[in-house]
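S.K.: Predicted model and sequence follow; I will ask about them next.
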Amino acid sequence: MAVTDMPLLSMLRTRMQWHQTRQKLIAENVANADMPGFRPRDLAPLSFDRASGQPSATGPGLTLTSAGHIAPTGEAGAGIEARRSKGFEVRPSGNGVNLEEEMMKSGDNQTDYQLAASLYQKSLDALKIAVGKR
């Protein structure tokens, strides 16, 4: 097993990838703030299964209980959902993007990404110390 395949590092890597994908969606929402009829999208929250450390779906879903089972295939946009906009947030053109809200989400997302990246780096540093490479 490679050092980078450890469950903690794998979870942090998955978390950072989730934040990167979310940042792309937030940027897409901001870029389309003036497009008539555009509905903002966001990622479903990421959670991990406590037993296996693997990302788990937020809702009920299919689980593989045997190696012989066929894995369910997801859509290209699995985990991406259209955010429900309240009636007063939708402009007359049908656009539901609230720029202030998107900027707040972008800042929070950036902070969370930096935290995960810092934890990842600190974990690698601790492993190097344990092995005696540092």
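M.R.: On my side now, so go ahead.

S.K.: Quick check: longest helix in this structure by residues?
M.R.: helix 99-131 (DSSP state H).

S.K.: Counting by contacts, list what that one packs against.
M.R.: Where contact means 3 or more Cβ pairs under 8 Å, 6 or more residues apart in numbering; DSSP states H and E, helix 99-131 is packed against helix 7-31. C-beta: built from backbone N, CA, C; applies to glycine.

S.K.: Now the helix it packs on: buried residues?
M.R.: 9, 11-12, 14-16, 18-19, 22-23, 25-26, 29 (16 or more other Cβ atoms under 10 Å).

S.K.: quick one: low-confidence parts of the chain?
M.R.: 1, 4, 51-53, 56-66, 69-88, 134 (pLDDT under 70).

S.K.: Please repeat the previous calculation with a cut-off of 90.
M.R.: For the chain, the stretches with pLDDT under 90 are 1-8, 44-96, 130-134.

S.K.: what about the residue nearest the centre of it, distance to residue 41?
M.R.: Geometric centre of the chain, nearest residue: residue 18, 2.6 Å, by Cα atoms, centre = their mean. With distances taken as Cβ to Cβ, to the nearest Å, residue 18 is found 14 Å from residue 41.

S.K.: In this structure residue 116 contacts residue 19, no?
M.R.: Yes - when contacts are counted by Cβ atoms under 8 Å, residue 116 is listed as touching residue 19 (6.7 Å).
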